[in-house]
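Participant: here are the coordinates; sequence isn't available:
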């Protein structure tokens with residue numbers, strides 16, 4: 001008996017194992033409690049499935065509507081990577097080449113000029129060193145501005161062919177291939193090439209080649225009434241920068257269900273969920289394959305996800321995707337984000353609707369990613 005008591009005392013005196021890592025809810029809830037974050041859906045996946053998905057905070061603060069994991073978000077510029085992947089499908093099929101001049105497929109770009117000098121209101125134009133290529137419009141090195149002057153007041157008010165025609169009439173701001181200028185116009189041009197080469201409307205091509213086969217049932221340019229009921233509202237700091245205030249999707253035409261006055265915007269028009277976006281990212285994590293179906297060849301995948309911008313530029317961008325040393329992905333205008341980390345075997349999805357944060361709210365995404373990598377990275 002005495003030996004038993006000694007053994008028990010010895011065991012209880014040994015150091016206990018480290019506590020398990022908290023959940024993402026534990027790490028993110030303090031930001032919500034301090035009114036620095038309205039709400040977030042945070043998802044971690046590997047190539048085979050979802051490892052963790054949590055929702056914190058509110059989809060609508062005033063109404064007290066909690067955010068759920070199936071909430072809808074405007075993913076905005078995350079659309080760019082999906083559009084670029086669609087172009088790479090056509091490259092795989094031999095229908096286009098990345099170094100094709102845009103004017104080969106869109107004849108309205110023949111003779112496009114570049115700005116040589118500016119003197120107040122006077123602009124001197126010259127012929128560029130070479131015509132803009134598909135690779136350049138997908139990597140933001142075309143010299144095109146962000147948008148054309150006629151895309152006002154919203155970005156989704158023109159049919160794609162008319163929007164692209166306006167870009168052809170806009171002079172390049174810099175020589176192609178020499179500067180980085182983030183450009184919705186460039187991505188929209190690439191999407192118009194999809195239409196001309198495939199003979200299908202851009203939105204139909206995306207639906208048939210990506211959204212339907214990947215099972216992305218909540219990814220759309222026109223949210224339905226049921227999907228709108230799940231849409232998270234957008235928030236930004238109030239005037240005092242101590243709390244949150246709601247603001248609208250001013251870059252888009254209302255109502256969002258209107259298929260007559262709203263047009264697909266390849267550079268930033270999609271709405272989606274964390275789960276849907278994950279499926280696209282898992283396809284990329286698997287090198288272009290998902291659920292036994294190959295969407296991109298290995299060569300196309302490598303072009304999509306490697307740095308395309310010249311080493312002389314500080315910006316590291318692939319084709320429709322930002323590229324880091326050990327990751328690639330993209331964010332959206334209202335702070336959504338997708339990040340694929342091949343070496344760690346992870347997809348990190350961050351779904352919020354924010355136009356800035358009061359206090360330390362901007363740190364929440366980094367807190368989530370650090371938690372996810374610590375817990376799940378290989």
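Facilitator: That came through, no problem. Note that the structure is a prediction, hence the values are computed from the model and not measured.
Participant: is residue 124 in a helix, a strand, or coil?
Facilitator: Judged by DSSP: H, G, I helix; E, B strand; the rest coil, the three-state class of residue 124 is strand.
Participant: and the closest residue to it other than its chain neighbours, which of the three is it?
Facilitator: The shortest distance from residue 124 to any non-neighbouring residue, by C-beta to C-beta, 6 or more residues apart in numbering, is to residue 117 (4.2 Å). Where C-beta positions appear, they are placed from N, C-alpha and C, glycine not excepted. Secondary structure, three-state DSSP: residue 117 is strand.
Participant: same check, this time on residue 281
Facilitator: helix.
Participant: ok, now residue 245?
Facilitator: What three-state DSSP gives for residue 245 is strand.
Participant: residues in contact with the closest residue in space to it that isn't next to it in sequence?
Facilitator: Spatial nearest neighbour of residue 245, chain neighbours left out: residue 238 (4.3 Å); criterion: C-beta to C-beta, 6+ apart. By C-beta atoms under 8 Å, 6 or more residues apart in numbering, the contact list for residue 238 reads 244-245, 358.
Participant: are any of those buried, and which?
Facilitator: With burial judged by 16 or more other C-beta atoms under 10 Å, the buried subset of the contacts of residue 238 is 244, 358.
Participant: regarding this structure, what is its longest strand?
Facilitator: Across the chain, the longest stretch assigned as strand under DSSP state E is strand 50-60.
Participant: the closest residue to residue 159 other than its chain neighbours: neighbour count?
Facilitator: Distances taken as C-beta to C-beta, 6+ apart place residue 263 nearest to residue 159, at 5.2 Å, with adjacent residues excluded. Counted with other C-beta atoms under 10 Å, the neighbours of residue 263 add up to 22.
Participant: show me the contacts for residue 263.
Facilitator: For residue 263, the contacting residues are 156-160, 163, by C-beta under 8 Å, 6+ apart.
Participant: in JSON lines, list these along with neighbour count, secondary structure and pLDDT.
Facilitator: Conversion of the contacts of residue 263 to JSON lines gives the following (neighbours: other C-beta atoms under 10 Å; DSSP: H, G, I helix; E, B strand; the rest coil; pLDDT from 0 to 100):
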{"residue": "156", "neighbour count": "20", "secondary structure": "coil", "pLDDT": "96"}
{"residue": "157", "neighbour count": "17", "secondary structure": "coil", "pLDDT": "96"}
{"residue": "158", "neighbour count": "18", "secondary structure": "coil", "pLDDT": "96"}
{"residue": "159", "neighbour count": "11", "secondary structure": "coil", "pLDDT": "97"}
{"residue": "160", "neighbour count": "20", "secondary structure": "helix", "pLDDT": "98"}
{"residue": "163", "neighbour count": "26", "secondary structure": "helix", "pLDDT": "97"}
